[in-house]
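J.: Coordinates for the following, if possible.
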Amino acid sequence: MSSKAAIIFRVLQRDYPEQVCSIARSLEVVGERWTLLILRDAVLGIERFEDFQRSLGIASNTLTNRLKLLCAEGVLERVGDPDRPGRPKYVLTGKGRELAPALIVLMKWGDRHYPAPEGPPRLTLHANCGGSVGADLRCARCGRYARAGEIELPPGPGARPSGERAERD
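T.: From the prediction side, this is the model:
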């Protein structure tokens, strides 16, 4: 194998067996783009397969595989839907809810470095006082750090109307 082929193979690996690194081990579970977007939607309250599919425009087989992985890893839990017997819902577990601050920091980083012209698609508000929560998870109004469950994510000025997705290339 050429050195260029070896480099490409190394970059395209799906796991990191030689890495002694918590980030590398975490990426094995949440490092794929669809997985992060599924988690984003779960944090925003989406729980049903068809709602994830509608929000993301993701192929059903890809969504099925990602949901299975997240359930197998204990990030989501597949539970019965009392409103629709025989159909599951996918709810965040405690382990999954622990990812919310990381997703919010990533979102704030994107808002800062890759802003939408209209403004952020989501706001980050401190549930206790209504102040804006920054990338450091500190509230601009009261100065406290927002803890788990204390951040509200209402639509911001750059939000699309409900159900509308960005055009795909």
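J.: Using the record's assignment, carve this structure into domains.
T.: 19-98, 99-169 (automatic domain parsing).
J.: Now render those as a markdown table, adding mean pLDDT and mean neighbour count.
T.: To be clear about C-beta, it is placed using only N, CA and C from the backbone, and glycine gets the same treatment. As requested, the domains of the chain are arranged in a markdown table below (pLDDT from 0 to 100; neighbours: other Cβ atoms under 10 Å):
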| stretch | mean pLDDT | mean neighbour count |
| --- | --- | --- |
| domain 19-98 | 94 | 15 |
| domain 99-169 | 87 | 14 |
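J.: Helix or strand: which one has Glu50?
T.: Per DSSP states H and E, Glu50 falls inside helix 49-56.
J.: Residues contacting the helix or strand just after that helix, please?
T.: Using DSSP H and E, the next helix or strand after helix 49-56 towards the C-terminus is helix 60-72. Helix 60-72 is contacted from outside by 29, 32, 34-35, 38-39, 49, 52-53, 56, 58, 76-78, 90, 96, using Cβ atoms under 8 Å, 6 or more residues apart in numbering.
J.: run the last query once more with 6 Å
T.: Contact partners of helix 60-72, identified using Cβ atoms under 6 Å, 6 or more residues apart in numbering, comprise 34-35, 38, 52-53, 76, 78, 90.
J.: Same check on stretch 113-132?
T.: Applying Cβ under 6 Å, 6+ apart, the set of residues contacting stretch 113-132 is 111, 133, 139-142, 146, 150-154, 156-159.
J.: Then stretch 77-86?
T.: By Cβ under 6 Å, 6+ apart, stretch 77-86 touches 71, 87-91, 93.
J.: Stretch 42-52 too?
T.: Outside of stretch 42-52, the residues within contact range by Cβ under 6 Å, 6+ apart are 38, 41, 63, 89-92, 100, 103.
J.: Spatially, which residue comes closest to the residue nearest the centre of the chain, not counting chain neighbours?
T.: Computing the C-alpha centroid of the chain and ranking residues by Cα atoms, centre = their mean puts Arg40 first, at 2.7 Å. Distances taken as Cβ to Cβ, 6 or more residues apart in numbering put Leu103 closest to Arg40, at 5.8 Å, once the chain neighbours are dropped.
J.: The one you found is in what secondary structure piece?
T.: helix 100-113.
J.: Can I get that helix in CSV? Just the C-alpha atoms.
T.: Output in CSV follows, covering the C-alpha atoms of helix 100-113 (Å, rounded to 0.1, in the frame of the first residue of the first chain):
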residue,chain,number,x,y,z
ALA,A,100,-26.7,18.8,25.8
PRO,A,101,-24.0,21.3,27.0
ALA,A,102,-21.5,20.0,24.5
LEU,A,103,-24.1,20.4,21.7
ILE,A,104,-24.9,23.9,22.9
VAL,A,105,-21.3,24.9,23.0
LEU,A,106,-20.9,23.5,19.4
MET,A,107,-24.0,25.5,18.3
LYS,A,108,-22.6,28.7,19.9
TRP,A,109,-19.3,28.1,18.2
GLY,A,110,-21.1,27.7,14.8
ASP,A,111,-23.2,30.9,15.5
ARG,A,112,-20.0,32.8,16.1
HIS,A,113,-17.8,31.5,13.3
